[in-house]
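> Sequence and predicted model, in that order:
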Amino acid sequence: MDSAISEATSRAPERTPLADAADTGLKIVVVGGFGVGKTTLVRSVSEIRPLNTEEYMTQAGVGVDETSGVAHKTTTTVAFDFGRISLNETMVLYLFGAPGQERFWFLWDRLFSGTLGAVVLVDTRRMSDSWYAIDRLEHHRTPFVVAVNRFDDDAAYYSLDEIRQALSLPAHIPLLDCDARVRSDGKHVLITLVDHLYKLALAQETTS
Amino acid sequence: MIRRPVDTGSPDRLYTVTGGRSHPVDTAVFDLVTLVVSECDPTPGMQSEHVRILTLCRHPAAVVEIAADLQLPITVVRILLEDLLAAGRITARRPRAAAAADLPESALLKEVLHGLRNL
Ligand SMILES: Nc1nc2c(ncn2[C@@H]2O[C@H](COP(=O)(O)OP(=O)(O)O)[C@@H](O)[C@H]2O)c(=O)[nH]1
Ligand SMILES: [Mg+2]
């Protein structure tokens, strides 16, 4: 059994550990269709190489016909990745890249309750992918901003106004351009989101 | 509805690692970003997953980081952590616990903004 310990020790991750005073973990989720640039955005702002993990999803959890009385329980998993930003000695922000497809949303409460807010990442070549994410975030009352990740081979260049219209996005929800590969852009997206959240919180505190 | 099973072979592994337990774990204690800290060193004879968690959490590590390092689903990791917590081998720093107690939401967000701007 000694060997188990030394093996485990040698497998300790090489990434920089958090400060010992770290006591407050925070979540922000980046949602968008496959290939829209979620992992790229997470990587560009994260202090660690993005890590992958997964969660089980039982069929009951996906809202499959439960009246059929089928006794077997098929287990599937949903994968997501994440990065990390140490904000100060005590606060750590975890940034999650989450697939926007339908079945993923059944796990939202189990994984992402208490999330500060979300970034909807949009690829203008596949705008319809974003409609569902926006609808679900509204349903979960998670505040969000929308960031358009421009791809070089995107022939049709839609203006932000056109995109706002196509997404039926209300005027008060921030919409901005970004290049997910560029760190300063990623940082700007996060600041735009948290600034939006800050204003929402201030408004709520003054009315309550 | 898109429903594409990615992996269906895992329940066996869940059973092996958790000793067959699969009751729902209190997700409020082990949120994805709850920070876990070891309170002791691994000892010989300990379950290898426990050893790895205690080693990893010599410095604080979030539940989701532990899951990624152990390559185990979140649910399994939550069960492992619950055992370690019950045995007093780890402590759990729950998300926003410190902040929520004495800060309004806007003050917390202001700190987040400040941290992001300083990146
Ligand atoms: N040209 C261009 N390529 C990008 C941009 N963002 C991401 N990519 C590329 O698009 C591919 C998919 O990105 P990825 O981050 O893996 O998407 P995800 O599925 O949403 O996580 C990768 O090959 C990226 O390098 C961008 O802004 N411009
Ligand atoms: Mg990805």
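Now that the structure is in, tell me what you want to look at. Ligands and ions are numbered 1, 2, ... in the order given.
> can you pull out the strands in the chain?
Just going to use chain A. Along chain A, counting by DSSP state E, strands occupy A:24-32, A:51-58, A:75-86, A:91-99, A:117-122, A:144-149, A:175-178.
> I was thinking of chain B, sorry if that wasn't clear
Listed from the start of the chain, chain B has strands (DSSP E) covering B:35-38, B:61-62, B:90-93.
> For chain A, what lies in contact range of ligand 1?
Taking C-beta under 6 Å from any ligand atom as the criterion, chain A approaches ligand 1 at residues A:32, A:34-40, A:97, A:149-152, A:179-181. To be clear about C-beta, it is placed using only N, CA and C from the backbone, and glycine gets the same treatment.
> Could you rerun that using 8 Å?
Selection of chain A residues close to ligand 1 by C-beta under 8 Å from any ligand atom yields A:32-43, A:81, A:97, A:99, A:121, A:149-153, A:178-182.
> Could you tell me how many residues sit around residue 108?
Answering for chain A, as no chain was given. When neighbours are defined as other C-beta atoms under 10 Å in any protein chain shown, A:Trp108 has 18 of them.
> hm, I was asking about chain B
Applying other C-beta under 10 Å, we find 21 other residues in the vicinity of B:Leu108.
> A:His139 too?
Residues lying near A:His139 (other C-beta under 10 Å) number 10.
> Now do the same for it: its pLDDT.
Among the per-residue scores, A:His139 holds a pLDDT of 93.
> got the angle between the longest helix seen in chain A and strand A:144-149?
Of all the segments assigned as helix in chain A under DSSP state H, the longest by residue count is helix A:183-207. Direction vectors for helix A:183-207 and strand A:144-149, defined by axes from the mean of the first three to the mean of the last three C-alpha atoms, to 10 degrees, enclose an angle of 160 degrees.
> Can you confirm whether helix A:183-207 lies near chain B?
Yes: Helix A:183-207 lies in contact with chain B when judged by C-beta under 8 Å from any C-beta of the partner chain; the contacting residues are A:187, A:190-191, A:194-195, A:197-198, A:201-202, A:204-205.
> Over to stretch A:136-148?
No: with C-beta under 8 Å from any C-beta as the measure, stretch A:136-148 is seen stopping short of chain B, the closest distance being 10.7 Å.
> before we move on, what about stretch A:14-31?
Yes: Stretch A:14-31 reaches chain B (C-beta under 8 Å from any C-beta) through A:17-20, A:22-27.
> Of all pairs in these, which one is the farthest apart?
Taking C-beta to C-beta as the measure, these reach their widest spread between A:Asp20 and A:Lys27, a distance of 21.4 Å.
> quick one on the thing from earlier: of the strands of chain B, which stretch is the most buried?
Looking across the strands of chain B with neighbours counted as mean count of other C-beta atoms under 10 Å in any protein chain shown, the highest average goes to strand B:61-62: a mean of 24.
> Within its sheet, name the partner strands of that one and how each one runs.
The pairing partners recorded for strand B:61-62 under DSSP bridges are strand B:35-38 (antiparallel).
> Now do the partner strand: everything it contacts.
Here strand B:35-38 makes contact (C-beta atoms under 8 Å, 6 or more residues apart in numbering or on different chains) with A:18, A:22-25, A:92, B:53-55, B:57-63, B:66, B:81, B:89-93.
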